[in-house]
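> coordinates only, sequence not included:
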Ligand code: COA
């Protein structure tokens, strides 16, 4: 995958996490190809730092997550660290706390996110992909959660997203067997939204990101907030937040611009306010 970057890459975690921006799109690359982009604790923390930086960059309207090397998105947590950091419940708690804090940034991300998946997407990699708003994959990708093959529990957050995407039966089949499925099956069960030939994947993903970045940011934020509330238990839903973002849209300059551009038969230019 290559593209002409507008900004130079910023490196985190000794270069195993990379970040750049291009025309309103932030890109985070998991860059540990020798280990199929397996995530060390340092990488989780670098990932969090990259997410925070793109979140706070006003020029960025959408964020793409991808893996380097062409063979994997992320092959899960780095198993070679488990002996030291995850060998029992107490050690695992600290590991889970530190890695979950970074995933929480993605779960609560205020901008749209796209996982661009080429190759293996396993375990913790699935967790990252499932936390993104949209998943786009190449034909040759493979998906699975081999927790039962390792003897670890996948946890509430990961399974909540899995069940909401594919339903309880497929979640059980994947979790009980630890099986891997291909892109066609992942598409069929709703784990990914679109699948492309590998040579088209990056251009298609960027095309989607640019389509999003040209739309009205507040309207997208309204959709993101409202869909997140729909997924919550009714008792937990924040209907006031939905009302507030709805009002912000209706009072925005962008809504005026959208109306005027339509009437004048031109493309709107949205500012996000
Ligand atoms: N953690 C640590 N190292 C990993 C890794 C992981 N999750 N996934 C792959 N690697 C390493 C391998 O140990 C190997 O290292 P080596 O070159 O020093 O032997 C290297 O990456 C390449 O992996 P390999 O298995 O030779 O490549 P492959 O293309 O045949 O298979 C996978 C790739 C991802 C299918 C396979 O490596 C695998 O099953 N990994 C474990 C996935 C997993 O269980 N994830 C859940 C963790 S919670």
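Happy to help now that I have it. All values derive from a computational prediction rather than experimental measurement. Residues are numbered from 1 along each chain as shown.
> rest of the way, CA atoms for contacts and neighbours
Will do.
> My guess is residue 175 contacts residue 150. True?
No. Contact criterion C-alpha atoms under 8 Å: residue 175 and residue 150 do not qualify, at 11.4 Å.
> neighbour count winner among the two?
residue 175 (20 against 10; other C-alpha atoms under 10 Å).
> contacting residues for that one?
Shown in contact with residue 175 (C-alpha atoms under 8 Å, 6 or more residues apart in numbering): 145, 146, 147, 148.
> you'd agree the second one is up against residue 179?
So the one you mean is residue 146. Yes. Between residue 146 and residue 179 there is a contact under C-alpha under 8 Å: 7.0 Å.
> the more surrounded of these two?
The residue with more neighbours, out of residue 146 and residue 179, is residue 146; 22 against 15, by other C-alpha under 10 Å.
> list the contacts for whichever residue of the stretch 101-250 of the chain sits closest to the ligand?
Distances between the stretch 101-250 of the chain and the ligand by C-alpha to the nearest ligand atom are smallest at residue 123, namely 4.3 Å. Going by C-alpha under 8 Å, 6+ apart, residue 123 touches 75, 76, 77, 144, 145, 146, 147.
> Now the phi/psi pair for it, please.
Note on residue 123: backbone dihedrals following degrees, to the nearest 10 are phi 50, psi -120.
> For the helix or strand harbouring residue 199, the averaged confidence score.
Residue 199 belongs to helix 198-214 when assigned by DSSP states H and E. In this model, helix 198-214 has a mean pLDDT of 97.
> for the ligand, what are the nearby residues on the stretch 101-250 of the chain?
The stretch 101-250 of the chain has residues 120, 122, 123, 124, 146 near the ligand, with proximity defined as C-alpha under 6 Å from any ligand atom.
> Does residue 127 lie in a helix or a strand, and which?
Using DSSP H and E, residue 127 sits in helix 124-131.
> Can you tell me what sits against the helix or strand just after that helix?
Sequence order places strand 134-138 as the next helix or strand after helix 124-131, per DSSP H and E. Around strand 134-138, the neighbours that count as contacts under C-alpha under 8 Å, 6+ apart are 113-119, 129, 183, 191-198, 201, 205.
> Next, the angle helix 198-214 makes with strand 134-138.
160 degrees (axes from the mean of the first three to the mean of the last three C-alpha atoms, to 10 degrees).
> What strands flank strand 134-138, and is each parallel or antiparallel?
Using DSSP bridges, the strands paired with strand 134-138 in its sheet are strand 113-117 (parallel), strand 194-196 (parallel).
> gap between the shortest one and the chain center?
So the one you mean is strand 194-196. The chain centroid and the centroid of strand 194-196 are separated by 16 Å under C-alpha atoms, centre = their mean, to the nearest Å.
> Check the first one too.
Taking the mean C-alpha point of strand 113-117 and that of its whole chain, the gap between them comes to 5 Å (C-alpha atoms, centre = their mean).
> hmm, back to that, would you tell me which one of the strands paired with strand 134-138 is buried the most?
Burial of the strands paired with strand 134-138 is given as mean neighbour count (mean count of other C-alpha atoms under 10 Å); strand 113-117 ranks first at a mean of 26.
> The next helix or strand after that one - contacts with which helices or strands?
Next along the chain after strand 113-117, taking DSSP H and E as the criterion, comes strand 120-122. If contacts are counted by 3 or more C-alpha pairs under 8 Å, 6 or more residues apart in numbering; DSSP states H and E, strand 120-122 sits against strand 72-74, strand 142-144.
> Name the strands paired with the first one and say parallel or antiparallel.
To tie it back to what came earlier, the one meant is strand 72-74. For strand 72-74, the paired strands and their directions (DSSP bridges) are strand 120-122 (parallel).
> just the last one next, same as before
Note on strand 142-144: by DSSP bridges, its sheet partners are strand 120-122 (parallel), strand 180-182 (antiparallel).
> Rebuild those strands as a markdown table, extending it with mean pLDDT.
A markdown table is the format used below for the strands paired with strand 142-144 (pLDDT from 0 to 100):
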| stretch | mean pLDDT |
| --- | --- |
| strand 120-122 | 98 |
| strand 180-182 | 98 |
